[in-house]
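**Q** Just a sequence and a predicted model for now, questions to come.
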Amino acid sequence: MSFIDVMIGKLAPHNCLGCDTEGSLLCSPCQSSLPPAADCCFNCQRYSPGGLTCSACSADSDLRLVRSAVSYQGTAKQLVWKLKFAGAQQAAQAMATCMLPLLPVNCGERILVVSVPTATTRVRQRGYNQARLLARQLALQAGLPWIDCLARDGQAHQVGAGREQRLSQLQTAFRVTQQRFVRSAHIILVDDVVTTGATLQATASALMVAGAARVDGLTFARSTMK
Ligand SMILES: [Zn+2]
Ligand SMILES: [Zn+2]
């Protein structure tokens, strides 16, 4: 979060993105009226209860499931925009609150909240990593441990590159830096929006190679592919 962001947040109270009521970025009536994301397999987009990766897709996937709180449209879209460009902290708080009910309860495993790393060039431009901000907020609200354990190598920008090229770039892009924490942990892998799931998938692979027991993807919003 930038200094300017902090100052704006202090000086001007936020208005709800949905109904313009003063007080917070997302009031509770607007939060409950956000359209929920469909329960589907992240890879083939077919219906799957709880967002479980379907049996056909699980052969090639290290993600046990991918769950999203809301559908990427309207107010949800504006919140994601805020997280990236202005009012980031408040946006992260509101988004994490929407994601809380999707966390596993009392599963008896050691849970660790982790965020998808952003390309370093983009972090440098923006001054922070939005997925990390979101993961920290979620961990804080849920009382779960959070760890910054992934690095993204290379400066390759995904935009413009072909699909095959993007996927191969991704597969070699992620590196686990804190392996001892990751080993045998149940990882909740956080990102703001999931579209193809390629980034989540590549990150999950790196975590499984590092010894994670299981990786679940959890995002604020799900965007449907055209
Ligand atoms: Zn509202
Ligand atoms: Zn599937």
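**A** Cool, the structure landed. Ligands and ions are numbered 1, 2, ... in the order given.

**Q** So the most centrally placed residue in the chain, which state does it fall into?
**A** Closest to where the C-alpha atoms of the chain average out (Cα atoms, centre = their mean) is residue 191, at 1.3 Å. Following DSSP: H, G, I helix; E, B strand; the rest coil, the label given to residue 191 is strand.

**Q** Starting from residue 197, give me the distance back to it.
**A** Per Cβ to Cβ, to the nearest Å, residue 191 is found 9 Å from residue 197. Glycine gets a C-beta too; all of them are placed from N, C-alpha and C.

**Q** okay, and the common contacts of these two?
**A** Common neighbours of residue 191 and residue 197, counting by Cβ atoms under 8 Å, 6 or more residues apart in numbering, are residue 217.

**Q** Show me where the protein dips below the pLDDT cut-off.
**A** 1-12, 119-128, 154-161, 163, 166-171, 225-226 (pLDDT under 70).

**Q** Residue 107: how many residues sit nearby?
**A** Using other Cβ atoms under 10 Å, residue 107 is surrounded by 10 other residues.

**Q** Pretty sure residue 138 sits against residue 99.
**A** Yes - using Cβ atoms under 8 Å, residue 138 is in contact with residue 99, at 5.7 Å.

**Q** Comparing the two, which residue is more hemmed in?
**A** Taking other Cβ under 10 Å, residue 138 and residue 99 do not tie; residue 138 has more neighbours (27 against 24).

**Q** what helix or strand is the more buried one on?
**A** helix 130-142 (DSSP states H and E).

**Q** Just name whatever secondary elements that helix is in contact with.
**A** Contact here means 3 or more Cβ pairs under 8 Å, 6 or more residues apart in numbering; DSSP states H and E; on that basis helix 130-142 packs against helix 74-85, helix 88-99, strand 111-115, strand 186-194.
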